[in-house]
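>>> Here is a sequence with its predicted model. Questions after.
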Amino acid sequence: MSVVSVEDVEGVMSTGLDPAVLQKVIDREEDWLANDQQNGIGQLVGARTQTVYRSQGSLDPIYLARPTLAIAVVEGTQILDPTEVVLVGRMRVEPKRGFWNAASIAVTYDPSDALQVEAAILELVQLRISSSPFSQESSEGGHSYSRPVNVQQQRVSIARSVHPAIDHASVKIRADRILSAQ
């Protein structure tokens, strides 16, 4: 089932496309936003479980892929009481005791960004329908048009507006792992 309907798109722009063709465009853009290897945000609607692996005793928080208002956490095989974890902001999960007891932590949540996802899909569909394969165009009447950013960069920008954490992770280097420094 689509997040965005043909009527939603037609309410924003006049496409001139047959409804069945427009639905295929919507389906392709929703699939790209959900499943693209580098920019996809995962399943667009509904609850999901994000499993993270940490070393036992880790102090590192868990960053969710999408914002939420409520979480359920399973640490190893133990279901944690809601009072044992804290949701900081809408995307960061921390144990109240300060560290994780198990290597596997599963966080189940329902994203709270449905309106942003819908807006992103509408923008992707609009971009797909209105984009031209040319970066510059001109008409016989002397009108010219130049696109400052390529379409793929615009698509990535739209996806990142919904999933700002993409590529913002960093690797912590432990000092005791350095064997020699010169």
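Sure, I can see it.
>>> Give the full set of residues in contact with Val125.
Contacts for Val125 (C-beta atoms under 8 Å, 6 or more residues apart in numbering) come out as Val4, Val9, Leu22, Val25, Ile26, Glu29. (Each C-beta comes from the backbone N, C-alpha and C, glycine too.)
>>> Can you list phi and psi of the first one for me?
Torsion angles at Val4 (phi, psi; degrees, to the nearest 10) stand at phi -110, psi 140.
>>> what number of residues lie near it?
Val4 has 22 neighbouring residues, counting by other C-beta atoms under 10 Å.
>>> is it true that it touches Glu123?
No. Using C-beta atoms under 8 Å, Val4 makes no contact with Glu123, being 10.3 Å away.
>>> Need the overlap of contacts for these two.
Counting by C-beta under 8 Å, 6+ apart, nothing touches both Val4 and Glu123.
>>> Please enumerate the strands of this protein.
Per DSSP state E, the chain carries strands over the ranges 48-53, 62-63, 68-75, 78-79, 85-88, 92-95, 104-111, 136-138, 144-146.
>>> so which of these gets nearest Leu127?
strand 144-146 (14.9 Å; C-beta to C-beta).
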